[in-house]
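Student: Here is the input, now give the coordinates:
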Amino acid sequence: MGACTMRGRLLPILLAGLLSQPVWADDLLSLYRDARVSDATYLAAKADSDAMREALPQARGQLLPNISINGVKSKNTTDQTSQTIVGPRTVTYDYDSHNYSLVLKQPLFRPYNFALYAQSLDQVDSADANQDQAGQELAMRLVAAYFDVLLARADLEVNEAQQKAFETQLSSAEKSFRAGVGTRTDVDEARSSLDSARAQAIELKYTLEYKLDALQVLVNRPLTPLATLNPERVQLQPPEPNNLEEWVKVAESLSPKLKALQSSVSAAEKEVWKARSGHLPTVDLVAQRSKSESENNTSIGTSYDTSMIGVQVSIPVFSGGHTNSVVRQAQASLEKQRQQLEAARREVRLMVRKQFDAASQGVHWVRAYELALKSAEQTLLSTRKGFQAGTRNNLDILNAEQAVANARRDLHRGRYQYVVARLNLLGLVGRLDDQEMRHFNAWLESRP
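Tutor: Sure, this is the predicted structure:
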């Protein structure tokens, strides 16, 4: 009985201890890992890459021997009519015929097949690069969606702080007005600012819900409270190396997008090779073993066992201009792939420059926003003291509070933009992987 009583006393304590533990929060790393197995866009790209890889075994099969077994068994009836002295004479033959063959064909010289195999190697390289690119794009989409949620939530928190400040200001203005030391204008201005903040809150809540839905689509599951950015953990430093041209060189050599397009150009070159092979002869080694019985009505009851080995040569002579047209078409497609590669290379350079500048300047922007917030807070403090001394009015306080809210919002935005720029820069050079996600995830912390 005493043991039961003791357990009864311990149970509430244990439950309280469990409930006091911090609730597990989603963070950048956990959502990234979930997105890799849940995001439909990424999974579709992965399946497309898997399909493209099958080009290699298919092309290899065109270079290997082709073996086939053929068989025919039939029941035949032949009516043979011949002229005789006494007139036409018809004889009917009923017989069964059999024909079986085993045929082996080994390509010896088929330029089209050789080009097809070389092209399939490029297609596999392109498939691998496309899957890597899909992974980088998934990571960047997740980063953007994650920090969009944090920014929307920060904007809403700033708005809530504004509402509390305006409520306090309104209450103070109403007391002063009732005491005869304030004006009706102060009351109206405070109420107007409060009403405006409440109206803005409706829009901010809608924006936050939409951003949460967009993030949830990537992981295809309900979200727990998100870990937030801890300003003390953020490493404010420019990208390493702190040289734009070095990042551009890395992007041109490692960017999965450019790798995929380079492989596509190489595959297009092989397509020209395939088209030109239409002018060339083909040579195959052919071996056949066949057995037949009663092949026709003149060999009823006769069987044949035949073995054959030889070389089959096919020489194209004239195709009505079809081959020349296919060559021109392949050359035009090759030029298209080359121009697309060049356009992508220029775009990657531009995007690397944009994200590099954003990450480099973001360090200065965040520090400037921190100073701006401190200055705004000091101005608000001075304005309140001036109001107490009678040198500042209610409108001055409202303006100072609005300046603090704007400065705090700008600081949040600057920090998030800096982190996103750092991550996007890594994504552009194909280095935004699980390890990098883990590094930046350490800048986050779960809320109690």
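Student: hey, which helix or strand in this structure has the poorest pLDDT?
Tutor: Lowest by mean pLDDT, DSSP states H and E among the helices and strands of the chain is helix 2-20, with a mean of 42.
Student: Please compute how far the next helix or strand after that helix lies from its chain's middle.
Tutor: Remark: after helix 2-20, the chain's next helix or strand is helix 28-38, criterion DSSP states H and E. In this view, helix 28-38 has its centroid 12 Å away from the chain centroid, taken as C-alpha atoms, centre = their mean, to the nearest Å.
Student: With only the CA atoms kept, save whichever helix or strand comes after helix 28-38 in PDB.
Tutor: Using DSSP H and E, the helix or strand that follows helix 28-38 in sequence is helix 40-53. Extracted as PDB, the C-alpha positions of helix 40-53 are listed here (Å, rounded to 0.1, in the frame of the first residue of the first chain):
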ATOM      1  CA  ALA A  40       7.400  16.300 -55.300                       C
ATOM      2  CA  THR A  41       9.500  18.500 -57.500                       C
ATOM      3  CA  TYR A  42      12.800  17.000 -56.300                       C
ATOM      4  CA  LEU A  43      11.500  13.500 -56.500                       C
ATOM      5  CA  ALA A  44      10.300  14.100 -60.000                       C
ATOM      6  CA  ALA A  45      13.700  15.400 -61.000                       C
ATOM      7  CA  LYS A  46      15.300  12.300 -59.400                       C
ATOM      8  CA  ALA A  47      13.000  10.000 -61.300                       C
ATOM      9  CA  ASP A  48      13.800  11.800 -64.500                       C
ATOM     10  CA  SER A  49      17.500  11.400 -63.800                       C
ATOM     11  CA  ASP A  50      17.000   7.600 -63.100                       C
ATOM     12  CA  ALA A  51      15.200   7.300 -66.500                       C
ATOM     13  CA  MET A  52      18.000   9.100 -68.300                       C
ATOM     14  CA  ARG A  53      20.600   6.800 -66.800                       C
END
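Student: Can you work out which other helices and strands pack against the next helix or strand after helix 40-53?
Tutor: Once the chain leaves helix 40-53, the next helix or strand it forms, by DSSP H and E, is helix 55-61. The helices and strands touching helix 55-61, judged by 3 or more C-beta pairs under 8 Å, 6 or more residues apart in numbering; DSSP states H and E, are helix 111-179. In short, each C-beta sits where N, CA and C put it, glycine included.
Student: tell me the average confidence for the helix or strand following the helix it packs on?
Tutor: The C-terminal neighbour of helix 111-179 among helices and strands, as given by DSSP H and E, is helix 184-219. The predicted model assigns helix 184-219 a mean pLDDT of 93.
Student: Stretch 293-301 too?
Tutor: On average, stretch 293-301 scores 76.
Student: buried sites along it?
Tutor: Neighbour counts over stretch 293-301 (16 or more other C-beta atoms under 10 Å) mark 293-295, 300 as buried.
Student: could you dump those to a markdown table with distance to S101 and secondary structure?
Tutor: Putting these into a markdown table (distance: C-beta to C-beta, whole Å; DSSP: H, G, I helix; E, B strand; the rest coil) gives the following:
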| residue | distance to S101 | secondary structure |
| --- | --- | --- |
| E293 | 13 | strand |
| S294 | 16 | coil |
| E295 | 12 | coil |
| I300 | 20 | coil |
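Student: Find the residue at the geometric middle of this structure.
Tutor: The centre of the chain sits closest to A134, judged by C-alpha atoms, centre = their mean, with a distance of 3.2 Å.
Student: list the contacts for the residue nearest to that one when sequence neighbours are not counted?
Tutor: For A134, ignoring the flanking residues on the chain, the nearest one in space by C-beta to C-beta, 6 or more residues apart in numbering is A45 at 3.5 Å. By C-beta atoms under 8 Å, 6 or more residues apart in numbering, the contact list for A45 reads 130-131, 133-134.
Student: Taking these together, which two end up most distant?
Tutor: Spatial extent of the contacts of A45 (C-beta to C-beta) is set by the pair Q131 and Q133 at 7.3 Å.
Student: Could you count how many residues lie near the closest residue to S360 other than its chain neighbours?
Tutor: Nearest residue to S360 in three dimensions, chain neighbours excluded: P238, at 4.6 Å (C-beta to C-beta, 6+ apart). Using other C-beta atoms under 10 Å as the criterion, P238 is surrounded by 15 other residues.
Student: P238: which element?
Tutor: Using DSSP H and E, no helix or strand contains P238.
Student: quick one: contacts for it?
Tutor: Counting by C-beta under 8 Å, 6+ apart, P238 makes contact with 359-360, 363.
Student: Of those residues, just say which sits nearest to L116.
Tutor: Nearest member of those to L116, counting by C-beta to C-beta, is A359, at 44.6 Å.
Student: Pretty sure the closest one sits against L423.
Tutor: No. Using C-beta atoms under 8 Å, A359 makes no contact with L423, being 9.1 Å away.
Student: residue boundaries of the strands in the stretch 301-448 of the chain?
Tutor: For the stretch 301-448 of the chain, the strands defined by DSSP state E, counting those that start in this stretch occupy 303-314, 444-445.
Student: Number of residues surrounding H412?
Tutor: For H412, the tally of surrounding residues (other C-beta under 10 Å) stands at 22.
Student: Apart from its chain neighbours, what residue comes closest to it?
Tutor: Nearest to H412 is A154, by C-beta to C-beta, 6+ apart, at 4.0 Å.
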